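Colleague: here is my input, please return the structure:
(one chain, ligands or ions: 3)
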Amino acid sequence: MAVTTTKATTVKLREMKQEGKKIVMLTAYDFPTARVAEEGGADMILVGDSLGMVVLGYETTLPVTMEDIIHHTKAVTRGSKSTMIVADLPFLSYHISTPETVRNAGRLIQEGGADAVKIEGGREVIEGVEAIVRAGIPVVGHLGLQPQMVNQLGGFKVQGKDYESALRIFEDALMLQAAGCCAIVLECIPTPLTKLISEHLDIPTIGIGAGDTADGQVLVIHDMLGITDRYMPRFAKKYSELFQEMTTAVNNYATEVRDSLFPTAQHSFKMNEDVLERLKSEINQRSY
Ligand SMILES: Nc1nc(=O)c2c([nH]1)NC[C@@H]1CN(c3ccc(C(=O)N[C@@H](CCC(=O)O)C(=O)O)cc3)CN21
Ligand SMILES: CC(C)C(=O)C(=O)O
Ligand SMILES: [Mg+2]
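Modeller: Ligands and ions are numbered 1, 2, ... in the order given. Coordinates of the predicted model:
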């Protein structure tokens, strides 16, 4: 049975912040991860473009397309009925024009079945955010480390450490709230900056590598379950070692097959003795 009984909404998110209740967000990319996130009690699921890295094996999130996100969002919505689902707007889906931005955000809702969309960026995406919100689509902002900017940043690095960049992120957060965002993800910024932003906003902040001063937390499910054998960001905590567990299971299966220990009667099907005898004599008679 689902732990979360009522689906989080934009209104509920604000209430949770006011009541000091931390918001729990987790990524999911398919039916089983959505089931686990929902049954585990997440308030929100993010179909992140990180799927390009943890599911599709790319080096960055840049190759991820609208079709990829829609395809995976459909699987996630089939796996979770009572959790608010946010889908990432992928690279190039909101950079060309405002009409194209609204169209793409709308596709994530209409085709994917998401409840809200997330968009990376600050002042440069305000026009797009306002237009999406005007269409009735809840928007989550994303500041600090914006992985879609990796080639300009020269790597996945902590942001907002100096005065100028910290002030810029702070101002961008206020502008995103004014533009109608229902929450803002803060990625890889110093904890004191997260605190300042969270205190000055009415909408909740959701941190990843942003310390304990955000109004909620988000992690990539493959990181926290330990499903990946790739590098892990330092901020990601492993609550399980599933890659190791799954590899051991595969290894045990391989050994049992090679040693003829699997399958046993338990995993096999019987045939009526009479039927078998008739079959054997018929095969003999026809001399196959
Ligand atoms: N598996 C996975 N987990 C994530 O959290 C994640 C993704 N993929 N892909 C999209 C973005 C990219 N993210 C990342 C990826 C790597 C680091 C990382 O390695 N950071 C260094 C610090 C780098 C520095 O500041 O010098 C670290 O040691 O954590 C950080 C964020 C977060 N997101
Ligand atoms: C890291 C989170 C915030 C994200 O944007 C993603 O998973 O794509
Ligand atoms: Mg993302």
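Colleague: contacts, neighbours, all on C-alpha from now
Modeller: Noted.
Colleague: give the contact list for residue 47.
Modeller: Taking Cα atoms under 8 Å, 6 or more residues apart in numbering, we find residue 47 in contact with 27-29, 69, 72-73, 76, 85-88.
Colleague: out of the residues you listed, which is most surrounded?
Modeller: Highest neighbour count within these: residue 28, with 33 neighbours (other Cα atoms under 10 Å).
Colleague: would you mark the buried spots in stretch 125-140?
Modeller: For stretch 125-140, the neighbour count (16 or more other Cα atoms under 10 Å) marks 125-126, 128-133, 137-140 as buried.
Colleague: one more: stretch 40-55?
Modeller: Those would be 41-54, for stretch 40-55 by 16+ other Cα under 10 Å.
Colleague: which ones among the residues you listed map onto strands?
Modeller: If you go by DSSP state E, those have 44-47 in strands.
Colleague: what's the neighbour count on the closest residue in space to residue 31 that isn't next to it in sequence?
Modeller: Spatial nearest neighbour of residue 31, chain neighbours left out: residue 79 (4.6 Å); criterion: Cα to Cα, 6 or more residues apart in numbering. A count of neighbours around residue 79, defined by other Cα under 10 Å, yields 21.
Colleague: ok, now how distant is residue 79 from residue 279?
Modeller: 45 Å (Cα to Cα, to the nearest Å).
Colleague: before we move on, back to that, dump the buried residues of stretch 40-55 to a markdown table, plus distance to residue 179.
Modeller: Output for those, formatted as a markdown table (distance: Cα to Cα, whole Å):
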| residue | distance to residue 179 |
| --- | --- |
| 41 | 30 |
| 42 | 27 |
| 43 | 24 |
| 44 | 22 |
| 45 | 23 |
| 46 | 21 |
| 47 | 23 |
| 48 | 22 |
| 49 | 23 |
| 50 | 25 |
| 51 | 28 |
| 52 | 29 |
| 53 | 30 |
| 54 | 32 |
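Colleague: re earlier: the residue nearest to residue 31 and residue 35 touch, don't they?
Modeller: Yes - the pair residue 79 and residue 35 passes the contact test of Cα atoms under 8 Å, sitting 5.1 Å apart.
Colleague: what do the two both touch?
Modeller: With Cα under 8 Å, 6+ apart, residue 79 and residue 35 have no common neighbours.
Colleague: output the set of residues of the stretch 51-200 of the chain in proximity to ligand 1.
Modeller: 53-54, 147, 156-158 (Cα under 6 Å from any ligand atom).
Colleague: just give me the closest of those to ligand 3.
Modeller: The nearest member of these to ligand 3, counting by Cα to the ion, is residue 147 at 6.9 Å.
Colleague: so what's the residue nearest to residue 209 when sequence neighbours are not counted up against?
Modeller: Leaving aside its sequence neighbours, residue 209 sits nearest to residue 188 (Cα to Cα, 6+ apart; 4.4 Å). Residue 188 makes contacts with 144-145, 157-159, 208-210, as judged by Cα under 8 Å, 6+ apart.
Colleague: which of the residues you listed tops the neighbour count?
Modeller: Ranked by neighbour count under the definition other Cα under 10 Å, the contacts of residue 188 are headed by residue 144 with 30 neighbours.
Colleague: pretty sure it is in contact with residue 171, am I right?
Modeller: No - the pair residue 144 / residue 171 is not scored as a contact, 11.8 Å apart, by Cα under 8 Å.
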